[in-house]
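S.K.: Provided below are the primary sequence and the corresponding predicted coordinates.
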Amino acid sequence: MTSSTSNYSLKKAELSLSLSQNQERQAWLVFFAASFLVSVPVFFQAPLVRLFPWFSLWLTVVWILLGGFLYQRQKTRYWGDLLLGFSWSWLAGSIYWGWLRYEPLIHLPIESIGVPFAIWCLWRRWGLIGNLFYLGSLLGTAITDSYFYLTDLIPYWRKIMTVEPSLASPILHQALAQMQTPWGISWAIVLVNILLGFSLWSLQKSQLHWWAFAGAVLSTILVDSLFWIAAYFA
């Protein structure tokens, strides 16, 4: 009797460990997928929307249909959920960078286009992964935009949007010089720590939707760093 109980307890512990390892693997996959999706609009959508804004806008429908298709299947539900949340970021990016990019003041309002729907879904406990990914991405955008306002980089934003890419180098160097002042560096440190704080807080949780949120927020630091490097070598 003791031996049977011992074997049962051992098998139960092994199953628990296996489930825990599987959950951890899924959490990291969701985290890296969220991080990747934040970078997609920067490196793929940004050049696409300048040349083919309507095509970029209609691609939103493709992401929604693909996300819905994946969401209907148990094995791919996480990825469908994430893709549906990503479709809000793609839609907002298509609208703003396609037609309204010359005015920084409306950037954040346009990016927030899906917030009422996301909040409603969170209240209903539906699509938690995708909607928290979208809100995490939006939080990163809000903090990045705050840096532009705090360091008076908005005029450079406007100038870059009105010149040909080949003529943007001097403007980028002027903006970089302003970022390298004590004021610019201080605010960069403060805002990066805010992003890190949100990310690390989310990573302490076991639910996958918080890992999607963390991936979206944390990858903002990587994307902004790549912009800084691009400006430096322009």
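M.R.: Received it, and whenever you're ready, just let me know what you need.

S.K.: ok, Val42 - contacts?
M.R.: Val223, Leu226 (Cβ atoms under 8 Å, 6 or more residues apart in numbering). Every residue, glycine included, has its C-beta placed from N, CA and C.

S.K.: Next one: it from Pro182, what distance?
M.R.: Per Cβ to Cβ, to the nearest Å, Val42 is found 28 Å from Pro182.

S.K.: Could you tell me which residues make contact with Leu191?
M.R.: Leu191 neighbours (Cβ under 8 Å, 6+ apart): Ile143, Thr144, Ser146, Tyr147.

S.K.: Now render these as JSON lines, adding secondary structure, pLDDT and neighbour count.
M.R.: Shown next, in JSON lines, are the contacts of Leu191 (DSSP: H, G, I helix; E, B strand; the rest coil; pLDDT from 0 to 100; neighbours: other Cβ atoms under 10 Å):
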{"residue": "Ile143", "secondary structure": "helix", "pLDDT": "95", "neighbour count": "19"}
{"residue": "Thr144", "secondary structure": "helix", "pLDDT": "94", "neighbour count": "18"}
{"residue": "Ser146", "secondary structure": "helix", "pLDDT": "96", "neighbour count": "15"}
{"residue": "Tyr147", "secondary structure": "helix", "pLDDT": "95", "neighbour count": "17"}
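
S.K.: can you tell me which of those residues lies nearest to Leu196?
M.R.: Ile143 (11.0 Å; Cβ to Cβ).

S.K.: Report the contact partners of that closest one.
M.R.: Leu191, Ile194, Leu195, Thr220.

S.K.: Could you list which of these belong to helices?
M.R.: Using DSSP state H, the members of the contacts of Ile143 that fall in helices are Leu191, Ile194, Leu195, Thr220.

S.K.: Isn't the last one up against Ser146?
M.R.: No - assessed by Cβ atoms under 8 Å, Thr220 is found out of contact with Ser146, at 11.7 Å.

S.K.: Identify the residues contacting the helix or strand Val62 falls within?
M.R.: Per DSSP states H and E: Val62 is located in helix 53-71. For helix 53-71, the external contacting residues (Cβ under 8 Å, 6+ apart) are 45, 48-49, 76-77, 79-84, 86-87, 90-91, 93-95, 97-99, 127, 130.

S.K.: Now list the buried members of these.
M.R.: Burial by neighbour count, 16 or more other Cβ atoms under 10 Å: within these this picks out 45, 48-49, 79-84, 86-87, 90-91, 93-95, 97-98, 127, 130.

S.K.: Next step: those residues restricted to helices.
M.R.: 48-49, 79-84, 86-87, 90-91, 93-95, 130.

S.K.: Pick out whichever of these sits closest to Pro170.
M.R.: For those, the nearest to Pro170 is Val49 (24.3 Å; Cβ to Cβ).

S.K.: For that closest one, give its distance to Tyr232.
M.R.: 25 Å.

S.K.: cool, Pro182 as well?
M.R.: 18 Å.

S.K.: if you count what's nearby, which of these two comes out ahead?
M.R.: Neighbour count, other Cβ atoms under 10 Å: between Pro182 and Tyr232, Tyr232 has more, with 12 against 7.

S.K.: Assess the claim that that one and Leu176 are in contact.
M.R.: Yes - using Cβ under 8 Å, Tyr232 is in contact with Leu176, at 6.1 Å.
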